[in-house]
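**Q** Kindly generate the corresponding structure for this input.
(one chain, ligands or ions: 1)
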Amino acid sequence: MCKIAQKGAEMKEKLLEEFRRVFGREAENVYFAPGRVNLIGEHTDYNGGHVFPCALTIGTYAAAAKNDDHTVRFYSMNFKDKGVITANIDDLKNERSHDWANYPKGVIKVMLDMGCPFVSGMDILYFGNIPNSSGLSSSASLEVLTGYVVRELFGLEIDFVELAKIGKKAENEFIGVNCGIMDQFAIAMGKKDNAIFLDTADLSYEYAPIVLENAKIVIASSNKKRGLNDSKYNERRGECEAALEKLKTVLEIHSLGELTEEQFEANRAVIGDPVKERRAKHAVYENQRTIKAVAALKANDIEEFGRLMVASHNSLRDDYEVTGLELDTLVEASLAQKGVIGSRMTGAGFGGCTVSIVKTEEVEEFIRNVGGLYKEKIGYAADFYVVDAGSGPYTL
Ligand code: GLA
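**A** Next up, the predicted model:
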């Protein structure tokens, strides 16, 4: 058996055993959904722009079975202290004490509201190997996985784009974070060795191979915890919307993603507020950068891709103001290393991770040096992951 298949088999056994212990019966199956990393195109998804994320091979696993009553029972091996969290399927609402379980509850609620025919409740046990709050979308992974589990348990005909939309709706309406579609889409539609070039304006997408010649994708987690909820995420979104409203008074547009840099420059004065102007500038330029970056990758110009990654970080730092000392320190330290093609923060920001492209032969030294510099300046350690692009949800 190859190493990956063996690891999958071990994981399956571990979850089945834990399910038996917690729920005192057999699970029907074990399921997986990945995490994601965004290579470029940040804070563009709710502005009708492009993104370029890929699914990872790390993610969230679940063992699950239908039950005979109208109850959903959740247990996470990552939050054992919370025990089994129980809710009546006819009365699913966001409850603070239910903590992480509000994500799966939200997904099930959205599916019920859509009219999905559930014949019973269900018991689900989760285990994730994405570091929590790292910016690698552990919550979107949990959402898409839950949708997938329900689809499989009840034999529902729901395609994977729909699963992404359900996850996003749960996050927007049940959790209260006004996120875009990027994370759930990247997770639901992930394809091994590929990133997804997605136009969030109409959800058209294209896969682009990212098996890099002699280079690796290295993620550095700042270990500065953030929850999207308490971040300034919704505030940034509001600032972009306000800027768009002003631009609409002189331009016939529906989103910032429709503008070229030139159109933006010619009309930016109408926004009339320097902060909102900078937020909108980021959204417009970042979208154009993403289009250019994918073209560079297709032309095998990885150096140009790297330069655009750095420009993306600088814009997120100076115009969008979502980086902070930890992420800036990581990127600065990364760019000072040998063999680094590009580096930037990834995800919402305010903590979380950076993503760097590093020549394979320099990866070890990169991790040692960046790790050392980070600890020296910030006072605690960063964690590093050399990652591959993985596939969307599947049954083990
Ligand atoms: C979070 C959100 C996404 C996206 C990114 C920023 O990950 O969930 O929808 O907006 O931030 O690019």
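**Q** Let me know whether residue 377 touches residue 329 as I believe.
**A** Yes. Checked against CB atoms under 8 Å, the pair residue 377 and residue 329 is within contact range at 5.2 Å. Bear in mind the C-beta positions are built from the backbone N, C-alpha and C, glycine included.
**Q** ok, the two, which is more surrounded?
**A** Neighbours were counted for residue 377 and for residue 329 using other CB atoms under 10 Å; residue 329 has more, 20 against 13.
**Q** Contact partners for the more buried one?
**A** With contacts defined as CB atoms under 8 Å, 6 or more residues apart in numbering, residue 329 is in contact with 373, 374, 377, 378.
**Q** so, in contact with the ligand or not, the helix or strand encompassing it?
**A** Secondary structure assignment for residue 329, by DSSP states H and E: helix 325-335. No. Using CB under 6 Å from any ligand atom, helix 325-335 stays clear of the ligand, with a minimum separation of 12.9 Å.
**Q** which other helices and strands contact the very next helix or strand once past that helix?
**A** Heading C-terminal from helix 325-335, the first helix or strand you meet, by DSSP H and E, is strand 340-346. In this structure, strand 340-346 makes packing contacts with strand 29-40, helix 302-318, helix 325-335, strand 353-359, judged by 3 or more CB pairs under 8 Å, 6 or more residues apart in numbering; DSSP states H and E.
**Q** now these in CSV, with distance to residue 206 and mean pLDDT?
**A** CSV is the format used below for those (distance: least, CB to CB, whole Å; pLDDT from 0 to 100):
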stretch, distance to residue 206, mean pLDDT
strand 29-40, 14, 98
helix 302-318, 16, 97
helix 325-335, 28, 97
strand 353-359, 20, 96
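**Q** looking at these, which is closest to residue 17?
**A** Evaluated with CB to CB, those place strand 29-40 nearest to residue 17, the distance being 10.8 Å.
**Q** Just the buried ones from the contacts of residue 329?
**A** 373, 374, 378 (16 or more other CB atoms under 10 Å).
**Q** For stretch 155-169, give me every contacting residue.
**A** Contact with stretch 155-169 is made by 107, 110-111, 114, 116-117, 140, 143-144, 147-148, 150-151, 179-181, 183-185, 187-189, 203, 392-393, as judged by CB under 8 Å, 6+ apart.
**Q** Distance from the chain centre to that stretch, please.
**A** 16 Å (CA atoms, centre = their mean, to the nearest Å).
**Q** right, is that stretch up against the ligand?
**A** No. Remark: stretch 155-169 sits outside contact range of the ligand, by CB under 6 Å from any ligand atom, the gap being at least 7.8 Å.
**Q** Look up how far the ligand lies from residue 67.
**A** Counting by CB to the nearest ligand atom, to the nearest Å, the separation of residue 67 from the ligand is 31 Å.
**Q** what's the answer for residue 207, then?
**A** As for residue 207, its distance to the ligand is 19 Å (criterion: CB to the nearest ligand atom).
**Q** would that residue count as being in a strand?
**A** Yes. Counting by DSSP: H, G, I helix; E, B strand; the rest coil, residue 207 falls inside a strand.
**Q** residue contacts, it?
**A** 191, 194, 195, 196, 197.
**Q** Leaving out sequence neighbours, find the closest residue to the fourth one.
**A** So that's residue 196. Computed as CB to CB, 6 or more residues apart in numbering, the closest residue to residue 196 that is not its neighbour in sequence is residue 205, at 5.4 Å.
**Q** what bridges to the one you found?
**A** Listed beta-bridge partners, residue 205: residue 198 (assigned using DSSP bridges).
**Q** residues from the protein in reach of the ligand?
**A** Within the chain, the positions adjacent to the ligand are 42, 43, 45, 46, 179, 180, 182, 183, 347, 348 by CB under 6 Å from any ligand atom.
**Q** Quick check on the second one: phi, psi?
**A** For residue 43, the backbone dihedrals (degrees, to the nearest 10) come out as phi 60, psi 30.
**Q** All the helices of the stretch 1-150 of the chain, residue numbers only.
**A** Counting by DSSP state H, counting those that start in this stretch, the stretch 1-150 of the chain forms helices over residues 3-23, 102-113, 138-154, given from the N-terminal end onward.
**Q** Looking at the ones you listed, spot the one closest to residue 255.
**A** Comparison of the helices of the stretch 1-150 of the chain against residue 255 by CB to CB identifies helix 138-154 as nearest, at 21.6 Å.
**Q** the inter-axis angle of the closest one versus strand 29-40?
**A** On the basis of axes from the mean of the first three to the mean of the last three CA atoms, to 10 degrees, helix 138-154 is oriented at 140 degrees to strand 29-40.
**Q** Tell me the buried residues in helix 138-154?
**A** Applying 16+ other CB under 10 Å to helix 138-154 flags 138-154 as buried.
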